[in-house]
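> give me a 3D structure for the following:
(3 chains)
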Amino acid sequence: MAAQPFDAAQFHAHVYQIVRLIPSGHVTSYGHIARLAGSPSHSRMVGSALKYLQDDSVPWQRVIGASGAISERGDGGQGARRQADRLREEGVEVTEPQGAGVGVGGQFKVSLSTYGWFPESVQLEDE
DNA sequence: TATCTGACATCTG
DNA sequence: CCAGATGCCAGAT
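Numbers count the residues shown, from 1 in each chain, chains lettered A, B, ... in the order given. Below you'll find the predicted structure:
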């Protein structure tokens, strides 16, 4: 297999497949998904793709940053808040931001050492 | 066609 | 451990 010239459609499809494979109660990072999709340097494209689709059938909430921090979309943290709450329902322990109310200098974080899901490879329908 | 932005990653202080 | 600055590459305007 050789380096692909980056096919957006194919990369897109692979991302969705991988995200669906994430088991409940576990999380993974954008960078790892990008790597499994065949492009380790296109971590940003992963998030961009998920945002653009807005598909509830894809558990995008299980995808967080490499540091275990939930990225905010600039909507005041409402999106991150919803994501954190949903992860808690699956049994994932999420730390709350500093301040707990008026605090704006903190982020929701998950222990990747405990809930991280990083398979070496996945079964993709197309390659 | 050129420029800016972005659901990131990684290094340094 | 946390915060800031830099690098990366493709999409959107």
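> what is the burial count for the residue in chain A positioned nearest to DNA strand C?
Nearest residue of chain A to DNA strand C: residue A:8, at 3.4 Å (C-beta to the nearest atom of the strand). Yep, even glycine has a C-beta here, placed from its N, CA and C like the rest. Neighbour count for residue A:8, taken as other C-beta atoms under 10 Å: 10.
> who in chain A is up against DNA strand C?
A:6, A:8, A:41-42, A:44-45, A:48, A:52, A:98, A:105-106 (C-beta under 7 Å from any atom of the strand).
> could you flag which of the residues you listed are buried?
By neighbour count, with 16 or more other C-beta atoms under 10 Å, those hold A:42, A:45 as buried.
> so where do the helices sit in chain A?
Counting by DSSP state H, chain A has these helices, from start to end: A:8-21, A:30-37, A:43-53, A:78-89, A:112-115.
> so for DNA strand B, which of these sits nearest?
helix A:43-53 (2.4 Å).
> what does the closest one rub up against?
A:8, A:11-12, A:15-16, A:19, A:29-31, A:33-34, A:37, A:39, A:58, A:60, A:63, A:66, A:71, A:73 (C-beta atoms under 8 Å, 6 or more residues apart in numbering).
> next, the angle helix A:30-37 makes with it.
Calculated by axes from the mean of the first three to the mean of the last three C-alpha atoms, to 10 degrees, helix A:43-53 forms an angle of 90 degrees with helix A:30-37.
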